[in-house]
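K.L.:
no sequence for this one, just the structure:
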């Protein structure tokens with residue numbers, strides 16, 4: 001049932017590709033961003049940071065208009081070029097440890113509205129509105145929403161056959177990743193891929209809830225006003241469920257909500273069986289098990305299931321259990337998005353980073369858990385529920401400026 005269509009992408013001129021593409025804008029620290037802008041005039045970051053040209057910080061609608069101007073300048077300098085045919089694009093990312101491969105396409109806003117594109121995360125209305133206005137002014141979308149779909153043998157075979165041929169684009173990044181892109185131009189292959197997506201019950205948002213929500217708002221406003229059908233779709237990267245990688249976020253908390261260490265441990269003992277692990281870098285190996293670092297020592301926390309109810313799929317998530325048994329009732333953290341006492345960590349060696357931050361007195365206690373599975377993500381989405389914030393760190397992380405979808 002989901003409608004996934006080919007489109008005419010705007011792509012970098014091959015001579016500039018490796019210089020143009022960038023990580024997501026939000027991942028750059030201030031000094032790194034400034035260096036990229038200073039030493040690479042072709043970086044897509046110049047489009048996203050248009051005030052750099054005048055050494056002036058700008059925001060709001062003025063920034064949006066200047067983003068559009070920088071984008072037009074890149075066209076004028078032949079840094080970007082238009083595809084001549086409507087295509088699907090096979091996109092592959094190779095890292096030291098993993099290879100991700102899927103299809104870049106345009107996904108239907110109507111499917112988002114009908115819940116054929118399923119969500120597992122709540123969105124913030126203000127962010128939706130701001131990004132909707134951004135898209136409306138600039139007229140293009142360059143960061144695909146990451147969608148995942150059930151593994152499909154026919155689609156896999158088409159991908160395998162095409163990727164056995166020479167790439168249309170290939171480039172490496174300073175993050176030591178190899179990126180490859182192939183066009184799917186053959187009409188029969190396009191129709192076959194499209195028909196197999198239409199046979200699926202649904203696809204799922206893995207990453208990009210605000211981007212998809214903003215695209216929906218934009219479609220509601222602009223299609224009715226202009227009749228432009230491009231507003232009915234948004235840029236997406238569709239990846240099989242088996243190729244999706246989900247890692248966990250740790251929770252770090254400042255203070256013990258007025259409790260002493262002993263009082264805090266006594267409160268935990270009501271719901272958890274606790275074992276002191278000393279200096280062992282303990283990571284849980286099962287659901288409903290948690291690691292905790294407190295006052296220079298690691299602890300394992302095992303949920304006493306008789307003390308906890310499991311009425312729905314949300315209640316079975318480790319992130320929700322941690323919230324409902326510790327963060328909210330004991331530490332007094334009710335707003336996981338906005339409470340300044342809580343922070344989140346993810347990535348390689350995260351448990352070591354958590355230990356260091358607590359040893360350095362930045363935080364007082366930290367918690368770790370197993371990653372959420374794709375099946376858990378789907379159960380939450382199917383039930384129309386939302387996970388707590390920072391429940392999943394999902395890979396692959398996509399580059400900006402490679403395939404652009406214009407409205």
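P.N.:
Thanks, I have the structure now. Being a predicted model, the structure only gives us computed values, none of them experimental. Numbering: from 1, shown residues only.

K.L.:
Follow the chain on from the strand ranked longest in the chain and name the next helix or strand.
P.N.:
Ranked by residue count and defined by DSSP state E, the top strand of the chain is strand 99-108. Scanning forward in sequence from strand 99-108 by DSSP states H and E, the next helix or strand is helix 109-113.

K.L.:
Now do the worst-scoring helix or strand of the chain on mean pLDDT and strand 99-108, the angle between them.
P.N.:
Within the chain, judged by mean pLDDT, DSSP states H and E, the helix or strand with the poorest mean is helix 209-226; its value is a mean of 89. Inter-element angle recorded for helix 209-226 and strand 99-108: 30 degrees (by axes from the mean of the first three to the mean of the last three Cα atoms, to 10 degrees).

K.L.:
low-scoring pLDDT stretches of the stretch 101-250 of the chain, where are they?
P.N.:
Screening the stretch 101-250 of the chain residue by residue with the criterion pLDDT under 70, one finds the ranges 225.

K.L.:
In it, mark out all the helices, start to finish.
P.N.:
Counting by DSSP state H, counting those that start in this stretch, residue ranges of the helices within the stretch 101-250 of the chain are 109-113, 125-138, 153-163, 187-198, 209-226.

K.L.:
Take the ones you listed and lay them out in JSON lines including mean neighbour count and distance to residue 284.
P.N.:
Quick note: C-beta positions are derived from backbone N, CA and C, even for glycine. Formatted as JSON lines, these follow (neighbours: other Cβ atoms under 10 Å; distance: least, Cβ to Cβ, whole Å):
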{"stretch": "helix 109-113", "mean neighbour count": "18", "distance to residue 284": "35"}
{"stretch": "helix 125-138", "mean neighbour count": "16", "distance to residue 284": "32"}
{"stretch": "helix 153-163", "mean neighbour count": "15", "distance to residue 284": "33"}
{"stretch": "helix 187-198", "mean neighbour count": "15", "distance to residue 284": "37"}
{"stretch": "helix 209-226", "mean neighbour count": "19", "distance to residue 284": "27"}
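
K.L.:
Out of those, the one nearest residue 266 is which?
P.N.:
When the helices of the stretch 101-250 of the chain are ranked by proximity to residue 266, the top entry is helix 209-226, at 38.8 Å, counting by Cβ to Cβ.

K.L.:
Which other helices and strands does that closest one contact?
P.N.:
helix 109-113, helix 125-138, strand 145-149, strand 233-240 (3 or more Cβ pairs under 8 Å, 6 or more residues apart in numbering; DSSP states H and E).

K.L.:
For stretch 94-105, which residues meet the burial criterion?
P.N.:
Residues of stretch 94-105 classed as buried under the neighbour-count rule (16 or more other Cβ atoms under 10 Å) are 100-105.

K.L.:
follow-up on the earlier one: describe which strands the longest strand of the chain pairs with in its sheet and in which direction.
P.N.:
Sheet pairing here is set by DSSP bridges, and for strand 99-108 it gives strand 4-5 (antiparallel), strand 88-94 (antiparallel), strand 233-240 (antiparallel).

K.L.:
still on that earlier bit, of all the helices and strands packed on helix 209-226, which one is nearest residue 302?
P.N.:
Across the helices and strands packed on helix 209-226 (criterion: Cβ to Cβ), the nearest stretch is strand 145-149, sitting at 31.3 Å.

K.L.:
Other residues contacting that closest one?
P.N.:
2, 107, 117, 197, 200, 203-208, 211-212, 215, 234-241, 244, 374, 394, 396, 398 (Cβ atoms under 8 Å, 6 or more residues apart in numbering).

K.L.:
which of these are buried?
P.N.:
In the contacts of strand 145-149, burial by neighbour count holds for 2, 107, 117, 197, 203-208, 211-212, 215, 234-241, 244, 374, 394, 396, 398, counting by 16+ other Cβ under 10 Å.

K.L.:
Distance to residue 312 for the strands paired with strand 99-108 - can I get that in a markdown table?
P.N.:
As requested, the strands paired with strand 99-108 are exported to a markdown table (distance: least, Cβ to Cβ, whole Å):
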| stretch | distance to residue 312 |
| --- | --- |
| strand 4-5 | 30 |
| strand 88-94 | 35 |
| strand 233-240 | 27 |
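
K.L.:
And the ones you listed: which comes nearest residue 296?
P.N.:
Of all the strands paired with strand 99-108, the one in closest proximity to residue 296, counting by Cβ to Cβ, is strand 88-94 (39.3 Å).

K.L.:
Could you pull up the contacting residues of residue 373?
P.N.:
Residue 373 is in contact with residue 246, counting by Cβ under 8 Å, 6+ apart.

K.L.:
Ignore what I typed, I meant residue 238.
P.N.:
With contact set as Cβ under 8 Å, 6+ apart, residue 238 has these partners: 4, 102-105, 107, 147-149, 197, 203.

K.L.:
Among the strands paired with strand 99-108, which comes closest to residue 53?
P.N.:
Between residue 53 and these, the shortest separation by Cβ to Cβ is 25.8 Å, and it involves strand 233-240.

K.L.:
relative to helix 125-138, how tilted is that closest one?
P.N.:
Regarding strand 233-240 and helix 125-138, their directions subtend 110 degrees when assessed with the same axes, to 10 degrees.

K.L.:
which stretches of the stretch 301-407 of the chain aren't confidently modelled?
P.N.:
Counting by pLDDT under 70, the stretch 301-407 of the chain has low-confidence residues at 347-348.

K.L.:
Which parts of it are helices?
P.N.:
Under the criterion DSSP H, counting those that start in this stretch, the stretch 301-407 of the chain carries helices at the ranges 318-322, 350-359, 374-382.

K.L.:
And these: which comes nearest residue 84?
P.N.:
Judged by Cβ to Cβ, the one of the helices of the stretch 301-407 of the chain that comes nearest to residue 84 is helix 374-382, at 36.9 Å.
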